[in-house]
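In: Quick check, what structure comes out for this input:
(2 chains)
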Amino acid sequence: MIILPAIRWGKDYESLEVEEISHFLTGEPVAKVHTVGAGIIRRDARQARRAREVLRELSPAELIEKCKHAGELFENGTLTVGDSQQSPTDFVAQQSATTGMPLSMCQANVTKNAFVLKNIDKILDALTRGLDLNILARGYGDEGRGVTVSYQAQTDVLGAVLPSNSPGVHTLWLPVIPLQIGLALKPGSQEPWTPYRVAAAMIAAGIPAEAFSLYPGPGAELGGAILASHRRSMIFGGPQTIEQYAGNPQVQVHGPGYSKILLGDDVVDDWPRYVDMMVDSVVRNGGRSCINCSSIYAARHTVEIADALAEKMGSINILPPDDPQACLAAFTTPNVAPAVWKSIEKFIESSAARHATANFGSRLVERETCDYLLPTVLECESPDSPAANVEYMFPLVSVVRCPQAEMIAHIGPTLVGTAITNDETFRRDLIACTHIDRLNLGPIPTPQVDWLQPHEGNLIEFLYRSRAMQLT
Amino acid sequence: MNPSAPASAAEIDQAREKLDAHTVETVAWHFHDSTGCPFWLEKKSKLKFDPLTEIHSFDDLKKFDPFEDEWLRGGPVDRWVPKGLAGKPVYVFETGGTTGIPKSRIAMEDFRTDYSLFSDTLPDKYFPRGSNWLMLGPSGPRRLRLAVEHLAQHRGGICFCIDLDPRWVIKLIKKGWMEHLEAYKKHCIEQAISILGAGHDVKCMFGTPKLIEALCLELEEQGTTLGEMGITGIFSGGTEFTPQWTKFCVEELFGGPPEQSGIYMTPTYGNTLMGLACSEPVTKDNGYKISYHAPQPRAVIEVVDFDDTDHLVEFGGTGRVKLTTLTQEFFVPGFLERDEGEREPPCEQYPWDGVSGVRPFSRLADSTTVGVY
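Out: Below you'll find the model as predicted:
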């Protein structure tokens, strides 16, 4: 068992409150996590300036090199994490044990996070649109056009309230350190592993430990303290969280993605060509991510599309977490899966949707220590169905019949929209549509994310303000 | 005397005899036609035993069904006033009430008696007689506001209070209006700092853990400390008063233990139904462990099995907190609190059972909003 202390600007803190997290199948304790209260976060926030100062003692180029090295260490190194030496194999096993995700998925997320660290220069280049990072570091400079540009950091530290559902989302805060901004993280209760290992890798690579704080503990209380204590924060949550922080310029909120695939009238008759891409979009990463497809819109053939998807997805079954073919994650919190299934059943019983996977056996599988929900396909006759735009933490997709001309009006907020069409007018309308965040034109699976593009808002614009500066 | 030292068998027996006698006397008072209150006299007619002849000890109170706090909702509130106390000025204190009808408890002198007894446990060095107090807690129809004011007066001081409506705070939390919650907390802290800086010689205070923390952090922000503002003695309470919070508070917010920082803080556990349970001294050496003992025989805390609430758990075992109130004003046999904890053995200072690690009852925790002010 590993002991994870809280970390307060690089220093381990032993709390008198220690939470044990256990293996989702065996119930065996995996980690003891030292939890803290909101007061500690608020008090530490008074020292946030120091976190930025220690990072500013290194140049962006030096920080980038160290981040790249950290990427290697994160992926392949044995690191001091808490009271233990953690190998890459230990990390994947621990993450799988407490999140219920198969080892293969955990490994895939390691690769994803390591990719971002190892390519941090390219990612920053893309996020800044080629801005010389020394201009951000110095506060001003000349881009070569003979005009002074000035950017001002809006915070010394980025606070982040992290989720437990998908270790892939950590890619969003990884570029913060080379921007010379510290991190105050509240790890997810079931997935403290990634933030602890990233911090350990960065510190081992030579990034000052004083730039990092990790505060495990009760979500709502600590989340509130982090958001109240730092001028820029990132939070992951459900629709309620999104609503709560919508329009708050200090908070970047990440919630359900309601990612979708839209089939244009010009290609929909060719739908069988895209079935594998659609299945991949729904099932990859256990269907747990906001970038997984949750709805497919088409003007016709929706019955056949739903049945074809059901044929492919209906027989996907639960495999042991160490099976390389395993692609479903367990629900480790009691009662969640039955409650989710109950809400889906309501759609089916009220005829809001047809259950296309009904003939493949019960979708809810209740086990002694965890539950599973098997891939589910719903078919909706109209975009007005309450089941048309829903998202859950497992592979579920609604195939929705909707005239092309009405699609944009009905899809609602869409994190990733993959549109397959060669209809130039439709493509223009899609490009102009403001409620699609990431637009894929062509048969690109929704989870296939190019990290050289901004995701859910540009981190640079969130952390730095472009302002006027005149010099004599 | 070492207050935390184990109590002797003789001390334990003596305390038990006193409790048994007090129980018989209190039951007799509440169920006698000339002195009892309408509520219990009416209940008496439905009991399968005669409380006047069949209650000989504290254990005999198990003959009563558990007290249901729902009985305290709604009127007429007079049904709780014992005939033997008719004509005395009556206070009503409320709990709950964020939505719907609050629970009410009548009182005449109980809150004063409870806090006078509590006063005897406070060290004069840190709670100097004659010094003034700040009450940084809920106002309105709460017992605490008047009780703390009495405590200050009992010790020869004057109590300053702030306005704080916990029902509004609960609404803010339930609505998710966290910015409003922050603003309201700030509003309360501003009131407190105004009083502390107004030259009133305030040395002692009551504060909830959240407000003490917020006050210290705000003072730190302003470049000062609670100690510099003149505070030497604090009492606080509730399930949020945990060992970890105490560690943080003492070591970081106060700047060390009392002998170093000059600030002494003692936890208490209580509610409108019970009196005030006091703690054994809380120190770094005992891991900031907090063990409460009720003001027996006026009130009794038991830690009982979650499913069989007539049975005590073993010492050190975890169970639900069960309260019994035995005063002339109010009789509450076996009320199951919304808290759980570990059963603690009697000690020299309190030769009867105690409870440590008090926290919201895990089976109800999801529906409980704690630490709201």
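
In: Lowest-scoring secondary structure element of chain A by mean pLDDT?
Out: For chain A, counting by mean pLDDT, DSSP states H and E, helix A:239-245 ranks last in confidence among helices and strands (a mean of 83).

In: Export only the CA atoms of that one, formatted as CSV.
Out: Extracted in CSV, the C-alpha atoms of helix A:239-245 (Å, rounded to 0.1, in the frame of the first residue of the first chain):
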residue,chain,number,x,y,z
PRO,A,239,-24.3,19.8,-15.8
GLN,A,240,-24.9,21.5,-12.5
THR,A,241,-21.2,22.6,-12.2
ILE,A,242,-21.3,23.9,-15.8
GLU,A,243,-24.4,26.0,-15.0
GLN,A,244,-22.9,27.2,-11.8
TYR,A,245,-19.7,28.6,-13.3
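
In: and it, what does it pack onto?
Out: Helix A:239-245 sits against strand A:251-254, with contacts defined as 3 or more C-beta pairs under 8 Å, 6 or more residues apart in numbering or on different chains; DSSP states H and E. (C-beta placed from N, C-alpha, C; glycine too.)

In: wait, what's in contact with residue B:223?
Out: Applying C-beta atoms under 8 Å, 6 or more residues apart in numbering or on different chains to residue B:223 gives no contacts.

In: Enumerate the residues of chain A near chain B.
Out: Neighbours of chain B within chain A, by C-beta under 8 Å from any C-beta of the partner chain: A:15-17, A:35-40, A:42-43, A:46, A:224, A:227-228, A:240, A:244.

In: give the contact list for the spatially most central residue of chain A.
Out: Nearest to the mean C-alpha position of chain A, counting by C-alpha atoms, centre = their mean, stands residue A:169 at 2.6 Å. Going by C-beta under 8 Å, 6+ apart, residue A:169 touches A:162-163, A:236, A:254, A:289-290.

In: do the same with residue A:268
Out: By C-beta under 8 Å, 6+ apart, residue A:268 lies in contact with A:298-301.

In: can you pick the most crowded of the residues you listed?
Out: In terms of neighbours by other C-beta atoms under 10 Å in any protein chain shown, the contacts of residue A:268 top out with residue A:298 at 27 neighbours.

In: The spatially closest residue to it that is not a sequence neighbour: what's it in contact with?
Out: Nearest-residue entry for residue A:298: residue A:263, 4.2 Å, with adjacent residues in sequence omitted and distances by C-beta to C-beta, 6 or more residues apart in numbering or on different chains. Residues counted as contacts of residue A:263 (C-beta under 8 Å, 6+ apart) are A:271, A:274, A:296-299, A:420-421.

In: tell me which parts of the stretch 101-250 of chain B are close to chain A?
Out: Within reach of chain A by C-beta under 8 Å from any C-beta, the stretch 101-250 of chain B has these residues: B:176, B:178, B:181-182, B:213, B:217, B:220-221, B:242-245, B:247-249.

In: between those, which is closest to residue B:32?
Out: Proximity of those to residue B:32 (C-beta to C-beta) peaks at residue B:242, which lies at 43.3 Å.

In: just to revisit the earlier point, I only care about the residues of the stretch 101-250 of chain B next to chain A that end up buried; give me the ChimeraX line for that.
Out: The buried residues among those can be selected in ChimeraX (16 or more other C-beta atoms under 10 Å in any protein chain shown) with this line:
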select /B:176,178,181,182,213,217,220,242,243,244,245,247,248,249
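
In: So what touches the least confident helix or strand of chain A?
Out: Outside helix A:239-245, the residues touching it (C-beta under 8 Å, 6+ apart) are A:227, A:235, A:251, A:253, A:255-256, B:176, B:178.

In: same thing but at 7 Å, please
Out: The contact list for helix A:239-245 (C-beta atoms under 7 Å, 6 or more residues apart in numbering or on different chains) reads A:235, A:251, A:253, A:255-256, B:176.

In: Likewise for stretch A:218-230?
Out: By C-beta under 7 Å, 6+ apart, stretch A:218-230 touches A:37-38, A:41-42, A:45, A:48, A:155, A:157-159, A:161, A:184, A:186, A:189, A:215, A:233, A:235, A:251, B:178, B:182.

In: how does it look with 6 Å?
Out: For stretch A:218-230, the surrounding residues in contact (C-beta atoms under 6 Å, 6 or more residues apart in numbering or on different chains) are A:38, A:41-42, A:45, A:155, A:157, A:159, A:161, A:184, A:186, A:215, A:233, A:251, B:178, B:182.

In: now swap in stretch B:77-84 and tell me
Out: Contacts of stretch B:77-84 (C-beta under 6 Å, 6+ apart): B:35, B:37-39, B:92, B:104, B:106.

In: Is it possible to mark the buried ones in those?
Out: By 16+ other C-beta under 10 Å, the contacts of stretch B:77-84 give B:35, B:37, B:39, B:92, B:104, B:106 as buried.

In: Test my guess that residue A:289 contacts residue A:165.
Out: No: using C-beta atoms under 6 Å, residue A:289 is not in contact with residue A:165, being 7.9 Å away.

In: ok but residue B:173 is inside a helix, no?
Out: Yes: judged by DSSP: H, G, I helix; E, B strand; the rest coil, residue B:173 forms part of a helix.

In: From residue B:180, how far off is it?
Out: Distance, residue B:173 to residue B:180, by C-beta to C-beta, to the nearest Å: 10 Å.

In: between those two, which one's more packed in?
Out: Between residue B:173 and residue B:180, counted using other C-beta under 10 Å, the more crowded position is residue B:173 (19 against 15).

In: So the more buried one versus residue B:270, what's the distance?
Out: Distance, residue B:173 to residue B:270, by C-beta to C-beta: 22 Å.

In: do the same with residue A:128
Out: Residue A:128 is 58 Å from residue B:270, by C-beta to C-beta.

In: where does chain A dip in pLDDT?
Out: The model of chain A has no residue with pLDDT under 70.
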